[in-house]
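>>> model this:
(one chain, ligands or ions: 2)
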Amino acid sequence: MATEVKKRTLRDYDSHKPTWCPGCGDYAVLLALKKALLALNKDPHEVVVVSGIGCSGKISDYIKAYGYHGIHGRVLPTATAIKLANPTLTVIGAGGDGDGYAIGGNHFLHVCRRNPDITYIVMNNMIYGLTKGQTSPTSLKGFITGTTPYGAVEGPVEPLYIALSMGATFVARGFSGDPKTLAEIFTQAIQHKGFSLVDVYSPCVTFNKFNTYDWFKENIVKNEKPFESRAEAISHIMDVWNSGKVPVGIFYKEENSVSYDEQLVKDIKLAPALQDITDKVWKEKVKRIIEENFV
Ligand SMILES: Cc1ncc(C[n+]2csc(CCOP(=O)(O)OP(=O)(O)O)c2C)c(N)n1
Ligand code: SF4
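Ligands and ions are numbered 1, 2, ... in the order given. Next comes the predicted model:
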């Protein structure tokens, strides 16, 4: 009798119960990520979630997959290294707007131009949630918090511009108030070969009383299909901001992009000095380095 293959379900990705505040946008991000992994038929052991520090960073504890809850702002170098070490893994980076665009901003610039095959989900609530509501790089001008009692003086960064101008090959934004579309965006982002940025408007219901679900619903302008060129995508995003609204959707998707990991392997194979290096030689080299330095 043939053995019955158990069908995978969303529950297969369940882990610890989240401690986010009731209504936090991050719940929808978690669910959408599980749905995307299910849609792509990923087994938990094929996936690693690398997260930063913040309420959003707890996501790696809440999903059954390999998890790495690292230090503040360092999701991207860690995720890149994991992908290089084991290219068979599906690598997801996740964190907040503070983690990714303030302390981690430098890594963000360079990962966009490097194009490793990883997906980066930023839960953008336009505030620092975990540390109880200070302004973040995406807070709007004039936003009042404990650190900006007279209102934020500077305008927000738009990570979508940065990603597009630095060479990212998949650039999108979702909204926690539309979890179905969010799951579809995540699915495409994970399928994309190369660096995928998915910034997600994910309201902080406790500390951000301005950018609420209703505020987003009133101000979001949806983009239905990716633009052919970066320039068109940037111009559209600028037009939306200039009209006082905020853009959501998939803006750019480069077909057949060559990822950093893929290119590196090709370069190593092509480098004449390295042509004789076989797996065995590599292993011996690594063993020697470990013995000389760590044992
Ligand atoms: C090196 C370092 N600096 C500062 C902090 C304090 N800190 C913890 S989380 C955080 C920002 C959280 O905001 P965000 O990344 O937007 O995530 P959220 O909590 O909103 O999900 C800060 C400044 C820290 N943990 N480590
Ligand atoms: S403080 Fe804000 S970001 Fe943190 S769990 Fe609560 S609602 Fe979510």
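
>>> Contact residues of the chain facing ligand 2?
Trp20, Cys21, Cys24, Asp26, Cys55, Asn125, Gly129, Cys204, Val205, Thr206, Phe207 (CB under 6 Å from any ligand atom). C-beta: built from backbone N, CA, C; applies to glycine.

>>> what does the domain assignment say about this structure?
16-256, 258-295 (automatic domain parsing).

>>> Return the most buried member of these.
The highest mean neighbour count among those, using mean count of other CB atoms under 10 Å, belongs to domain 16-256: a mean of 20.

>>> Wondering if that domain reaches ligand 1 at all.
Yes. Domain 16-256 is in contact with ligand 1 by CB under 6 Å from any ligand atom, via 53-56, 72, 95-99, 123, 125, 128-131, 136, 204.

>>> In strands only, show me these.
Residues of the residues of domain 16-256 next to ligand 1 located in strands (DSSP state E): Gly95, Gly96, Met123.

>>> tell me which of the residues you listed is nearest to Asn115?
Checking these against Asn115 with CB to CB, the nearest one is Gly95 at 19.4 Å.

>>> what ranges do the strands span in the stretch 101-250 of the chain?
Per DSSP state E, counting those that start in this stretch, the stretch 101-250 of the chain carries strands over the ranges 119-124, 170-175, 196-201, 220-223, 246-253.

>>> need these in TSV with mean pLDDT, can you?
TSV is the format used below for the strands of the stretch 101-250 of the chain (pLDDT from 0 to 100):
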stretch	mean pLDDT
strand 119-124	99
strand 170-175	98
strand 196-201	98
strand 220-223	98
strand 246-253	98
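
>>> Of all the ones you listed, which one comes closest to Val91?
Closest approach to Val91 among these (CB to CB): strand 119-124, 7.3 Å.

>>> Tell me how far the nearest residue in space to Gln188 that is not next to it in sequence lies from Ala233.
Among residues not flanking Gln188 along the chain, Ile250 sits closest, at 6.7 Å (CB to CB, 6 or more residues apart in numbering). According to CB to CB, to the nearest Å, Ile250 and Ala233 sit 10 Å apart.

>>> where do the contact lists of the two overlap?
Common neighbours of Ile250 and Ala233 (criterion: CB atoms under 8 Å, 6 or more residues apart in numbering): Val171, Pro226.

>>> What residue in the stretch 101-250 of the chain comes nearest to ligand 1?
Distance from ligand 1 to each residue of the stretch 101-250 of the chain (CB to the nearest ligand atom) is smallest for Gly129, at 3.0 Å.

>>> Am I right that that residue is in contact with Cys55?
Yes. Using CB atoms under 8 Å, Gly129 and Cys55 qualify as a contacting pair, with a distance of 4.2 Å.

>>> shared neighbours of those two, which are they?
Cys24, Gly96, Cys204.

>>> hmm, back to that, for beta bridges, what are the partners of the residue nearest to Gln188?
Ile250 forms beta bridges with Ala172, as assigned by DSSP bridges.

>>> wait, isn't it in contact with Asn223?
Yes. If you go by CB under 8 Å, Ile250 and Asn223 touch, sitting 6.9 Å apart.

>>> does Met123 have beta-bridge partners, and which?
Gly96, Val200.

>>> which residues touch it?
25-26, 29, 54-56, 59, 94-97, 200, 202.

>>> Among the residues you listed, which one sits closest to Glu218?
Glu218 lies nearest to Gly25 out of these, by CB to CB, at 16.0 Å.

>>> where along the stretch 1-150 of the chain do the helices fall?
26-39, 75-85, 97-98, 105-114 (DSSP state H, counting those that start in this stretch).

>>> what about the closest residue to ligand 2 within the stretch 151-295 of the chain, distance to Ile220?
Closest to ligand 2 within the stretch 151-295 of the chain is Cys204: 3.2 Å, counting by CB to the nearest ligand atom. For Cys204, the distance to Ile220 equals 17 Å [CB to CB].
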